[in-house]
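S.K.: Everything below, folded, please.
(3 chains)
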Amino acid sequence: MRILIQVVLATVLALAAISGAKAQDADLRDLINGLAVGGYSETEEQIAALAATGDPAVVPVLEALAEGDVYARKSDRMVFIAEKVGSTYTLTDPLTGETVDEVASGAIDKIKVNNRLRRAIRTALGALTLMSPDAGTRRAAAEAIFQSGDPDAIELIDAAIEQEQNPSIAKLMREARAAAVLNSDLSDEEKVAAIEVIKTRSGRDSLSLLIPLTEVEGPVGAAATAAVSAIEGELAMWDAAQNVWYGLSLGSVLLLAAIGLAITFGVMGVINMAHGEMVMIGAYTTFVVQEIIRSNAPWLFDSSLFIAIPLAFLVAGAVGVAIERGVIRFLYGRPLETLLATWGISLILQQAVRTIFGPTNQQVGTPSWMSGSFEIGLLQITYNRLAIIVFALIVFFLLMAFLKRTPFGLQMRAVTQNRQMASAMGIRTPWVDAMTFGLGSGIAGMAGVALSQIDNVSPNLGQSYIIDSFMVVVFGGVGNLWGTLVGAFTLGIANKFLEPYAGAVLGKILVLVFIILFIQKRPRGLFALRGRAIEA
Amino acid sequence: MSGPETETLLYLDGVSVSFDGFKALNELSLIIQAGEMRAIIGPNGAGKTTMMDVVTGKTRPDTGTIYFDGNVDLTKLDEASIAELGIGRKFQKPTVFQHHTVWDNLELALAGRRGTFAALFRREGSSERERIEELLGIIRLGELRDMEAANLSHGQKQWLEIGMLLAQEPKLLLVDEPAAGMTDAETEATADLLKEIAKEKSVVVVEHDMTFVRALGVKVTVLHEGSVLSEGTIDHVSEDPRVIEVYLGR
Amino acid sequence: MIGSFIRNGFDRSAFFVILVLVAAAFVVPALALYTTPASPFHIPGYAIPLMGKYLTYGLLALSVGLIWGYCGILSLGHGAFFALGGYAMGMYLMRQIGTRGVYGDPVLPDFMVFLNWDELPVAWYGFQSFPYAMLMVVLAPGILAFVFGWFAFRSRVTGVYLSIITQAMTFALMLGFFRNNLGFGGNNGLTDFKDILGFNIQAPETRAALFAASALALALAYLICKSIISSRFGKVIVAIRDAESRTRFLGYRVENYKLVVWVLSACMAGIAGALYVPQVGIINPGEFEPANSIEVVIWVAVGGRGLLVGPIVGAIVVNFAKSWFTTGALAPYWLFALGGLFVGVTLFLPKGIMGTLGGGWTALKQRRASAAAEAGVSVTDTDGPDGGRLKTEPAE
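M.R.: Coordinates of the predicted model:
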C-alpha cells in the first residue's frame, strides 16, 4: 500500500511540476532548511509551514522526507535530498532537482522522521495536492487518500470537498473521506453512512476495504455485509462481461476459421479436412512476411500484417484451388471420399511445413499498435483481441456483401441452392466450385494471419481449430452465413462461460456433448435451409 | 371437426406445409375411398410430391389432419409405421436397391416381420418364394431375377419398384409418375398393370402425362398451388376454365 | 437357429479366410517357440506381438468395414471404442500388478498413490476379476455406441454430419481421458503391466497365446460378420446404404438396423482394443486421437470396403508399411506416404486392393448377367432419393 501511495504521489509530483507556480524560491528554500532545526516537533511545525505555502514545488522534498532521504549538510546546514551512490552521497537541490554536490557520509546529517512525522507529511502532501489548482493532481490525491484510509485526513478532505467544483472529483473525495471514516473512531452512524458511500464505488479495492468490517458487531457489520454482497453482485456482472469478451474473442477466431469451411460445405457439400492447414499456411505466410521485413525493411514492421493479409489470402487460396482442381473435382458426389482425400492432403501439408520450417513454434511478432490494452470499468481489453474481432466482422460482412452483390456471389448461391438447375442455366459449376474453394481457403489463410497474433505458429496450428470449426458449421447450419456467425459466437461464449465452472477441458467436453445433443433436435443446424431441394 | 367417413381409406383435411415461407400445401383436403383409383395432376410446384411426403410421413404437416383406414392419425407416425399400416410408395425416380438382385429387391419388400432379430435369423420360406415367383410374373422380370438392379433398364426399374410395392401388400399405393421416361409401349403396359392392381387396392397416381391419365380412365384431381383446383372425370377437368388457365395460361 | 445363421455365411471364401487365420493361430506361435533361430522357418520373438498387433488392427478395421462398407456409416470415431476396450483390459492388468508396483500398494495402482488418492474410484471396482473385465471390454464401448447411436440414428444424422460428430465424440473422450481426475491415469495412461491370468505378460509363451487369441478372435468376428451380411439383415443394411428412405418406405425401421450393426461394430472394436493392450503393453489417451480413427478408415479403404476381407488385408498391409517406413531412414517421409495413400486410394483405387483384385471376377460374372438381359444396359442413373451418397460403383 505504501508503495502505491509513493507511486501516486510521484505522479502528482510530476503533474505538479508542470503547473508549478513560481513562488519565491528563496522563501521556500529557507523553509526547507528549517526542517533541519530542532527535534521532531519543530520539524513538524516546519512541515505544516511548508504545506501552508500551497506550492507544489515543496512536494518532492516532503516526499523524500517521508522516505528518510533528506539530509542537512554539516558545513552550512543547507537541506538536500541525498542518494547513496557507492560510499558517497549525491546531494540534489530539493527545489530545482539539480545535482549539487557529492559528499562523504560524515559530511551530512540525516533528518530523522518518526511515524507521527510521516503522518504529518502525508497530511501536508494531501493538503498540497487536494487543493491544487490542477484537477489531475486533486484526483490523484483523493485516490491516494482512499487507498491509505488515513483518518487524520478527514478534516483536510472535508475542507477540500467544500471547495471542490468538479463533481466527479468531489465524489472521489467523498469516497476517500468515507474510507478514512471507516478507519477512524467516529460513531457507527458516520461509519454506516461511509459504507453507503463506498458501496457506490464498486471494485475490488472497496471490497477489500469492506470485507474486514463484516466481522464487526452491530449496524456497521450489517451495513458492510449488505454492501459487500451488493458489490460482489456487481463484480460478478463485470466478470460475466469479461467472459463475454473472452467468448467474443474466441468466437471471432472460430468465425474466421469456420466461415471458409461453411461456404465450401454449403456450395459443394464437401468437408475439407485440410481447411485447418489453410489456416496454418496463412500463419506461416505471416511469419515469412515478417522475416523478410525484419531483414530488409524493418520500418515496415508495423504494417507487416496488412501486407500479410492479402498475401495469405492469395497463397492459401491458390493452394485451395490447386486442391480442388487436382483432387476434389474427381470425387464430386462422394462426400465421404472427399473427406478422406482432404485428410490425406492435410497430412501432406503439415509434414511439408514441418520439413521446410521445422517442427518447432515460429516467432511471429505483434505490431506495436496491437500490443497493450485498455479498460472499460473493470473490463480489460487487449488491442490484439479487439483487432481480431473487428477483422473477423469486417471479413464476414465483406463476404456477405460479396455474395449478395457480385455476379460470382449470385452464381455461388445458385449452385448452393440447386446445382442441377444452376448448371442448366448455364452457370459453369466446375468454375464456381474451384473459385468457391479458393475463396474459402483464402479466408482460412486470412484467419491464419489473425491466429498468428494469439497462438503458436506451428505445423499443428490448424489441427487445434479444425474440430471446433466443424462444430460451428454443424451447429450454425449450412447455406446461411448468419448461422456461422451466430454459431461461432455462441460456441465461443459458451466455452468461456463454462470454463470457470467446469475447467477448460471439461467445458469443451460439455460443449461437444451439447452439440451432439443439439444435432438430434436440429440435424441441419440452427439456420438450416428447409424444403425439397435440400432433401435430394 | 367432423369424423372421417367409414368407407374412406385416406382422408386429408386442411393440410398445410410451408418451406421457408413458400406454401407447398395450402389447406389441402382430399378423400380417397377404399378400392378407388385416383389420378392427381397439376403443374410443377402444385404440391403433388409434397402431398405424398405428408401421407407417407416424410414431411410433417404444419396444420391439418390426415386419417388412414378410419381413424389412424398419420401425422403422428413415422415412415416405417405408415408403411406397415399398408401404404406403399413409388418414387418419381425409380428407386430400387441397386446392388441387390431383382429377387432380393422383392424379398426385402415382401410383407412380413421387419424386426432386426427376425432379419438376422429367419430364412425365407417356400410360401415366400412362391409369392416372389408370382410377382416376377406380374412385373415380367422372371428372366432377370438374378441380375443386379443397377443393370436394369429404366422401365424395368419402374416395374421392379411397382413389384416391390405389390410385395408389401399395401391397402393404398401412392405412385409418383410411373410413366416418366417410358416408351409408348411401356407406358401402355404400365397403365394396364396399374388398372389390374386397382381391382384389389386403392391407388393414387401422380402423373404429368395426359394420355396416360386418359388411359387410366379414372377420377382426376387437379392440384394447383397446394390445394385442389378441380375434381372429376378427365373430360370434366380438361374443360374446366380454371384448369385451362393454369395449364395454358402461362 | 444360430446354426443356420452361421451356415448361411459359411461359403467358400469364408472357409478360406478362416482357414488361414486359424492356421496362423497355431503355426506362427509354434514356429516362434519350437524352432531354433537357425531354422529358415523361425519367427523371432519380437515379431510375435507386432504381428499380433496387426491382427488386432485387422479386427478394428473389420468393425469399421462392416458399418462403412455395408451400411454406409463412415465412423471417424471408432478409435474411441477400441480405446475403451483397451482401457477395460488395461484396468484389469493394472489390478493384477498388486504389490509389485513402485509404491507397493496392494489395491491402488501407482498413479493413484502418486496423486495421493486413498481410495479406489468406483469405476475401478471389480476389475480384479478377469470375467468382469472382459464383460466391460464389450459393455463399455457397446453402451457408449448404443447411447450415441440411439440419439444419432433416431434423429437421422447421416453422411458427413455423422462422420463429424463421431469425430467430436472421440475428441471429447480424448480430452476427458487426458485429465488426471477422471481416474484413468491421465496423460500417461495405464502401463507397466506384469501378468495376465497369472502368466507373465512378457513371456514368449504368453505372447504366443495372445497372438493366437487375436487370430482366433479375428476369425470368429469374420465368421459372424459374414453370416450377418449373408442374412436378410445384411440385405437390409445394404439396402439402407444404397437407398435409405426407400428402405424406410418399405416399413423397415432404419434406425434400429443401424443401431444393431453400429453397436455390434463398436463391441468388435472394443475386443480388438482389449487384445491390443497386453501385446503393446500400454494404453493412453493418445488412442482416442481423431487422427487414429481416420487412419483406420484408410486401412479399410486401402484393403477394399466392399468385401469383409478387404479391411483385414488393408490393416495388415498399411501397418506393415508403416513399421517398415518408420524404422528406417525414410521415417520423415511416412506422413507424406500416408497422406498420399489417402489421396491415391480415393482417387485411383476406390475399391481397394481386394476389390480391384476381385474386380476381374465380378466383371466377368456381371457381363454374363448382362448378356442375359435382353434390354441394353445403362447404369448411369444411380440416383435415388438419397442420391449422391456413398456408393460402390458397379464394375463397368
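S.K.: Can you pull out the low-pLDDT segments for the chain?
M.R.: I'll assume chain A. Applying pLDDT under 70 to the predicted model, the residue ranges of chain A that meet it are A:1-25, A:202, A:479, A:520, A:523, A:527-536.
S.K.: um, chain C though
M.R.: Low-confidence segments of chain C, defined by pLDDT under 70: C:1, C:359-396.
S.K.: Tell me the spacing between the residue in it that chain A sits nearest to and chain B.
M.R.: Per C-beta to the nearest C-beta, the residue of chain C with the smallest distance to chain A is residue C:342, at 2.4 Å. Glycine gets a C-beta too; all of them are placed from N, C-alpha and C. Residue C:342 sits 25 Å away from chain B, taking C-beta to the nearest C-beta, to the nearest Å as the criterion.
S.K.: In chain C, which residue sits nearest chain B?
M.R.: residue C:251 (3.5 Å).
S.K.: how many other residues sit next to the residue nearest to that residue when sequence neighbours are not counted?
M.R.: Among residues not flanking residue C:251 along the chain, residue B:83 sits closest, at 3.5 Å (C-beta to C-beta, 6 or more residues apart in numbering or on different chains). Residue B:83 has 25 neighbouring residues, counting by other C-beta atoms under 10 Å in any protein chain shown.
S.K.: List the buried residues for the helix or strand encompassing residue B:83?
M.R.: With elements taken from DSSP states H and E, the one containing residue B:83 is helix B:79-85. For helix B:79-85, the buried set under the neighbour-count rule, 16 or more other C-beta atoms under 10 Å in any protein chain shown, comprises B:79-80, B:82-85.
S.K.: what does chain B put close to chain A?
M.R.: With the criterion set to C-beta under 8 Å from any C-beta of the partner chain, chain B comes near chain A through B:19-20, B:22, B:24, B:49-50, B:58.
S.K.: thinking again about what came up before, element containing the residue of chain C closest to chain A, please.
M.R.: Following DSSP H and E, one finds residue C:342 within helix C:334-348.
S.K.: Ramachandran coordinates for residue B:227?
M.R.: When read as degrees, to the nearest 10, the backbone of residue B:227 gives phi -140, psi 170.
S.K.: and it, bridged to which residues?
M.R.: residue B:224 (DSSP bridges).
S.K.: Now do it against residue B:144, distance only.
M.R.: Computed as C-beta to C-beta, to the nearest Å, the residue B:227 to residue B:144 distance reads 42 Å.
S.K.: Pick out whichever of these two has more residues nearby.
M.R.: Neighbour tally, residue B:227 and residue B:144, criterion other C-beta under 10 Å: the higher count belongs to residue B:144, 24 against 18.
S.K.: Now do stretch B:148-160: distance to the chain's middle.
M.R.: Taking C-alpha atoms, centre = their mean, to the nearest Å, one finds the center of stretch B:148-160 at 18 Å from the center of the full chain.
S.K.: Other residues contacting the helix holding residue C:342?
M.R.: For helix C:334-348, the surrounding residues in contact (C-beta atoms under 8 Å, 6 or more residues apart in numbering or on different chains) are A:327, A:330-331, A:337-338, A:340-341, A:343-348, A:350-352, C:295, C:298, C:301-302, C:318, C:321-322, C:325-326, C:330, C:352.
S.K.: hmm, try it at 6 Å
M.R.: A:327, A:330, A:337, A:340-341, A:343-344, A:347-348, A:351, C:298, C:301-302, C:325-326 (C-beta atoms under 6 Å, 6 or more residues apart in numbering or on different chains).
S.K.: Next, the buried residues of it.
M.R.: Applying a neighbour-count criterion of 16+ other C-beta under 10 Å, the buried positions in helix C:334-348 are C:334-339, C:341-343, C:345-347.
S.K.: got it, and stretch B:16-33?
M.R.: Using 16+ other C-beta under 10 Å as the test for burial, stretch B:16-33 gives B:16-19, B:23-26, B:28, B:30-32.
S.K.: same check, this time on stretch B:121-131
M.R.: Under the neighbour-count criterion of 16+ other C-beta under 10 Å, stretch B:121-131 has B:121-122, B:128, B:131 buried.
S.K.: Whichever residue of the stretch 101-250 of chain A sits closest to chain B - nearest residue in space that isn't next to it in sequence?
M.R.: Checking the stretch 101-250 of chain A residue by residue against chain B with C-beta to the nearest C-beta singles out residue A:248 as nearest, at 29.5 Å. Taking C-beta to C-beta, 6+ apart as the measure, residue A:248 lies nearest to residue A:389, with 5.8 Å between them; neighbours along the chain are not counted.
S.K.: which SSE is the one you found in?
M.R.: Using DSSP H and E, the element containing residue A:389 is helix A:383-405.
S.K.: Can you dump the C-alpha atoms of stretch C:131-142 in PDB for me?
M.R.: Presented in PDB, the C-alpha positions along stretch C:131-142 are these (Å, rounded to 0.1, in the frame of the first residue of the first chain):
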ATOM      1  CA  PRO C 131     -14.500 -62.200 -16.400                       C
ATOM      2  CA  TYR C 132     -15.900 -58.900 -15.200                       C
ATOM      3  CA  ALA C 133     -13.100 -57.000 -17.100                       C
ATOM      4  CA  MET C 134     -13.900 -59.000 -20.200                       C
ATOM      5  CA  LEU C 135     -17.600 -58.100 -19.800                       C
ATOM      6  CA  MET C 136     -16.600 -54.400 -19.600                       C
ATOM      7  CA  VAL C 137     -14.500 -54.800 -22.700                       C
ATOM      8  CA  VAL C 138     -17.700 -55.400 -24.600                       C
ATOM      9  CA  LEU C 139     -20.100 -53.300 -22.500                       C
ATOM     10  CA  ALA C 140     -18.200 -50.100 -22.200                       C
ATOM     11  CA  PRO C 141     -17.900 -49.500 -26.000                       C
ATOM     12  CA  GLY C 142     -21.300 -51.200 -26.500                       C
END
